[in-house]
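K.L.:
Prediction below, plus the sequence it came from.
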Amino acid sequence: MKKILSLIALFSLSISLSFAEEAKETFNYNEQKINADFKQLEKIEKYVQKNEGTTLESLKSQNSELVSGINLSADASASLMADELPLGIPAFWWGCVLGIIGILIVYLVTDKDKDQTKKALFGCLIWTGIWILYAVFINSLFW
Amino acid sequence: MNPIKIFLFVFLLIAGSQYGQAQQFYRFKADISVKDKLVDGTYRLTMGKVYYDKLYKKIVYKLNFPNIETMVIQDTTLFKIDKTNKLIESSRTFLIPDFTVFHLALTGKLSDYGLKAAANDRAIYKIGKVEKDEKGLTTTWVPAEKEFKKVFGDIKMLTINKKLDAMIFYNAKGKIVSRQFFKKYVNVKGVEFPTEVTMISYAEDGRVNTQLTTYKNVLIDQNNEDEIYRYRIPITKSVTAKK
């Protein structure tokens, strides 16, 4: 079970905000593009390394050019971990789409969080209700 | 059999097992820098040091940027501690130390990202296909059981010279959701570790979220700074503490 949770964590970290896209199936690594994307952050990093004790707040208070024209977040925790539900999908949908398995995943991943598990259960019940209504509707068409 | 030969055999056996035990690494420390470019145009830069002890199962981040603070991940909880050693916040996380690049490197499982099940473990993934070309060895891992296929997609893995080089993650519908690259390996005390890890996640509208994690000054099995590796979460909460 621990391994399942670990894999969910792994997937969540990989795709915490992502949905499927027609990306190219390639192992090619475009280092130049990556470096270009982070050129400004690279400069800030070098400055912080040279000037011990520099924080984002102090850079901003100095009106440093390094942080002008760039929207830099002060939330470090989001970079280091994923604090959302698996794959960033709300508990309701886990229950709704995966039923009992979804409820179980939410229950385990949220460390037995009752509120989140209830939401997953609610999703599961809604889905079951819709399915029953659909079945009744289909049956009424033929009988 | 000659008693000398028996003695030599037993001696070599014991020496061999001792050597094997010596290869069990348990501590990792490095300077870490995490750069994020998010789909909404926001950037993040996180710098500091990371400490991980396989036995304590704690990941400790001593950060100096954007703020001077400590973050500890322990038992699915993230603790945020300010520079005066007061607990600012605790929140739930499902990041499990066993699946971090530090743990996998220390346990020698990074080459298959720990997907290969241990002897007594239930396999979540199994090898579906193996191909070899001029780039390296490409292994396609597929969910081992039908129930897992509802949640997990396939994973393609490229290994070069027995080192994990890249991974492609698919969702359960078979579409690519993320690519990860493991570059610039260093060998510290026999532990192979990638000092550049890049993760590219694809958003629905085609934009990408990129994260580049760089490690420097990697230390393996450091025998001081024990108090950081076993970091005790302070009981005192900051005035602004929230849960």
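P.N.:
Noted; the coordinates are in hand. Numbering: from 1, shown residues only, chains lettered A, B, ... in the order given.
K.L.:
and stretch B:89-104, average pLDDT?
P.N.:
Averaged across stretch B:89-104, pLDDT comes to 81.
K.L.:
hey, C-alpha coordinates of that stretch in CSV?
P.N.:
C-alpha atoms of stretch B:89-104 as CSV (Å, rounded to 0.1, in the frame of the first residue of the first chain):
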residue,chain,number,x,y,z
GLU,B,89,2.4,25.9,9.8
SER,B,90,1.8,22.2,9.4
SER,B,91,0.0,20.7,6.5
ARG,B,92,-0.7,17.3,5.0
THR,B,93,1.4,16.1,2.1
PHE,B,94,1.5,12.8,0.4
LEU,B,95,5.1,13.1,-0.6
ILE,B,96,6.6,10.0,0.8
PRO,B,97,10.4,10.0,1.5
ASP,B,98,10.7,6.5,-0.1
PHE,B,99,10.0,7.9,-3.5
THR,B,100,12.4,10.9,-3.4
VAL,B,101,15.4,11.0,-5.6
PHE,B,102,17.6,11.0,-2.4
HIS,B,103,16.1,7.8,-1.0
LEU,B,104,16.2,6.0,-4.4
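K.L.:
And that stretch, what's buried?
P.N.:
B:89-90, B:92-104 (16 or more other CB atoms under 10 Å in any protein chain shown). Heads up, the C-betas are built off the backbone N, CA and C, glycines and all.
K.L.:
Show me what counts as buried in the regular element (helix or strand) spanning A:Trp127.
P.N.:
A:Trp127 belongs to helix A:114-142 when assigned by DSSP states H and E. In terms of neighbour count (16+ other CB under 10 Å), helix A:114-142 has its buried residues at A:116-117, A:119-121, A:123-124, A:127.
K.L.:
could you pull out the helices for chain A?
P.N.:
A:2-14, A:31-37, A:39-50, A:56-61, A:77-80, A:91-109, A:114-142 (DSSP state H).
K.L.:
looking at the ones you listed, which one has the lowest mean pLDDT?
P.N.:
helix A:2-14 (a mean of 53).
K.L.:
residues touching B:Ala172, list them.
P.N.:
Under the criterion of CB atoms under 8 Å, 6 or more residues apart in numbering or on different chains, the neighbours of B:Ala172 are B:149-153.
K.L.:
Backbone dihedrals for it, please?
P.N.:
For B:Ala172, the backbone dihedrals are phi -60, psi -20 (criterion: degrees, to the nearest 10).
K.L.:
What pLDDT does the model give it?
P.N.:
The model's pLDDT for B:Ala172 equals 85.
K.L.:
Then the one 10 residues further on?
P.N.:
Reported pLDDT at B:Phe182 in the predicted model: 95.
K.L.:
Need the three-state assignment for B:Glu131.
P.N.:
Three-state assignment for B:Glu131 (DSSP: H, G, I helix; E, B strand; the rest coil): strand.
K.L.:
Distance-wise, check it relative to chain A.
P.N.:
Distance from B:Glu131 to chain A, counting by CB to the nearest CB, to the nearest Å: 12 Å.
K.L.:
Show the secondary-structure elements that the helix holding A:Trp127 is packed against.
P.N.:
helix A:91-109 (3 or more CB pairs under 8 Å, 6 or more residues apart in numbering or on different chains; DSSP states H and E).
K.L.:
just to revisit the earlier point, give me the buried entries from the contacts of B:Ala172.
P.N.:
Applying 16+ other CB under 10 Å to these flags B:151-153 as buried.
K.L.:
Adding pLDDT, write those residues out as a markdown table.
P.N.:
A markdown table is the format used below for those (pLDDT from 0 to 100):
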| residue | pLDDT |
| --- | --- |
| B:Val151 | 78 |
| B:Phe152 | 83 |
| B:Gly153 | 89 |
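K.L.:
Keep only those residues that also lie close to chain A.
P.N.:
Contacts with chain A within the buried ones among the contacts of B:Ala172, counted by CB under 8 Å from any CB of the partner chain: B:151-152.
K.L.:
where exactly do the helices run in chain B?
P.N.:
According to DSSP H, the helices that chain B contains are B:3-22, B:101-106, B:146-149, B:226-229.
K.L.:
any idea which of the ones you listed scores lowest on pLDDT?
P.N.:
Looking at the helices of chain B, the bottom one is helix B:3-22 with a mean of 52.
K.L.:
To what extent is B:Gly190 buried, counted in neighbours?
P.N.:
10 (other CB atoms under 10 Å in any protein chain shown).
K.L.:
How about A:Asn30?
P.N.:
The local packing of A:Asn30 (other CB under 10 Å) involves 13 other residues.
K.L.:
pLDDT score for it?
P.N.:
Looking at A:Asn30, its pLDDT is 91.
K.L.:
do B:Thr76 as well
P.N.:
On the pLDDT scale, B:Thr76 gets 76.
K.L.:
Would you mind splitting chain A into its domains for me?
P.N.:
Here the domain assignment for chain A is A:1-15+A:29-82, A:84-143, based on automatic domain parsing.
K.L.:
what residues are up against the spatially closest residue to A:Thr55 that is not a sequence neighbour?
P.N.:
Spatially, and ignoring its direct neighbours in sequence, A:Thr55 is nearest to B:Asn67 (5.6 Å; CB to CB, 6 or more residues apart in numbering or on different chains). Counting by CB under 8 Å, 6+ apart, B:Asn67 touches A:55-57, A:74, A:76.
K.L.:
where's B:Lys62 relative to B:Thr93, distance?
P.N.:
Here the criterion is CB to CB, to the nearest Å. By it, B:Lys62 lies 18 Å from B:Thr93.
K.L.:
what does B:Ile220 give?
P.N.:
For B:Ile220, the distance to B:Thr93 equals 25 Å [CB to CB].
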